[in-house]
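[1] just the structure for this:
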Amino acid sequence: MSLILAIASHDDTVRLGIELGRRLVPGDLVLLHGDLGSGKTTLAQGMLAGLGVTGPVPSPTFTLINEYDVNAASGGDRWRLYHLDLYRLRDDELDGIGFDDYLAPADGISLIEWPERAGSRLDTDYLLIEITATGNQQRNIRVSRAPTGTARFGWLDQFCYGQ
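    Numbering: from 1, shown residues only. All right, here's what the predicted structure looks like:
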């Protein structure tokens, strides 16, 4: 199951992020794949806005991991969002940041930019978002689930088909 969207602007990317962010729950792992400048951090900013984060959301390119407190929309439960950027890391350096602890954390959500740097470690359920620049601000964004066959991210069916 995948959804492919043609996005016309920066603001549309943020709006999509907000809609996706509203559907995330603790334990979710979201992989953001795309070239430099494709809009991964912009989409992450929208997702955080959809989760109620109101402050600045800088790229974790140099810090590697940014953490945010999130209030669950369903009732005031608090949890964490971990935003990781693996661009500057090799697979053999991931243990140094405790990478495996961020895969489907029970206490929050993980958004990972440059997931291809993690190699074979991503063998769990995830939502994959692939961003391809097609013009100055235009993007094609493909949203799909991991091929694990589980019901996690089942809301993607509703998002696609309105079921």
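
[2] tell me how far Pro147 lies from Leu128.
    For Pro147, the distance to Leu128 equals 10 Å [CB to CB, to the nearest Å]. Placement of C-beta: from N, CA and C, glycine included.

[3] which of these two has more neighbours?
    Higher neighbour count among Pro147 and Leu128: Leu128, with 19 against 9, using other CB atoms under 10 Å.

[4] which residues of the chain score low on pLDDT?
    Scanning the chain for pLDDT under 70 picks out the ranges 1, 62, 71-76, 148-163.

[5] helices of that one, start to end?
    10-21, 40-50, 155-161 (DSSP state H).

[6] quick one: which of those helices is nearest Ile112?
    Among the helices of the chain, the nearest to Ile112 by CB to CB is helix 40-50 (9.7 Å).

[7] show me what the closest one is packed up against.
    With contacts taken as 3 or more CB pairs under 8 Å, 6 or more residues apart in numbering; DSSP states H and E, helix 40-50 sits against helix 10-21, strand 29-34, strand 78-85, strand 108-113, strand 127-133.

[8] kindly recompute the last result at 10 Å.
    helix 10-21, strand 29-34, strand 65-71, strand 78-85, strand 108-113, strand 127-133, strand 139-145 (3 or more CB pairs under 10 Å, 6 or more residues apart in numbering; DSSP states H and E).

[9] so which of these comes closest to Ala49?
    Among the helices and strands packed on helix 40-50, helix 10-21 sits nearest to Ala49 (CB to CB), with 5.2 Å.

[10] now the closest one, how far from the centre of its chain.
    Centre-to-centre, helix 10-21 and its host chain are 11 Å apart (CA atoms, centre = their mean, to the nearest Å).

[11] what is the orientation angle of it with strand 108-113?
    Using axes from the mean of the first three to the mean of the last three CA atoms, to 10 degrees, one finds that helix 10-21 and strand 108-113 are set 140 degrees apart in direction.

[12] leaving out sequence neighbours, find the closest residue to Gly34.
    Nearest non-adjacent residue to Gly34, counting by CB to CB, 6 or more residues apart in numbering: Ile131, 3.5 Å away.
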